[in-house]
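Colleague: Here's my sequence, what's the structure:
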Amino acid sequence: MNFEPDINENDILTLGAEVLEALLRDHTTGANIFWATADYEHLGEKYGYKMPILPELVTGENNKVVMPRVLKSKEQQRVIK
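Modeller: Model prediction:
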């Protein structure tokens, strides 16, 4: 069995846009969750630390943008406070 610790956002999108939108929503505030890291800022302004994660930023050609923590380097895994 070959297990890859990653989720394909395009596969989630095939379940319906509302599924991906619900996964990206902070259910306390009702707003989208935000990146909370500078790791993706090289991709553009919409990927900044406090910018909301939108479905179009993690699907289509951007499908592999989000990476599971376990696949990141130790430096990228550090918690920023």
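
Colleague: in what helix or strand does V19 lie?
Modeller: Per DSSP states H and E: V19 is located in helix 17-23.

Colleague: Pull out the buried residues from that helix.
Modeller: L20 (16 or more other CB atoms under 10 Å). Where you see a C-beta, it was placed from the backbone N, CA and C, and this is true even at glycine.

Colleague: gap between it and the chain center?
Modeller: Chain-centre distance of helix 17-23: 12 Å, with CA atoms, centre = their mean, to the nearest Å.

Colleague: Tell me which stretches of this protein form helices.
Modeller: Remark: helices assigned in the chain by DSSP state H are 9-14, 17-23, 74-77.

Colleague: okay, these in CSV with distance to V58 next?
Modeller: Converted to CSV, the helices of the chain look like this (distance: least, CB to CB, whole Å):
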stretch, distance to V58
helix 9-14, 5
helix 17-23, 8
helix 74-77, 17
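
Colleague: Tell me if I'm right that V58 and N10 touch.
Modeller: No. Using CB atoms under 8 Å, V58 makes no contact with N10, being 9.0 Å away.
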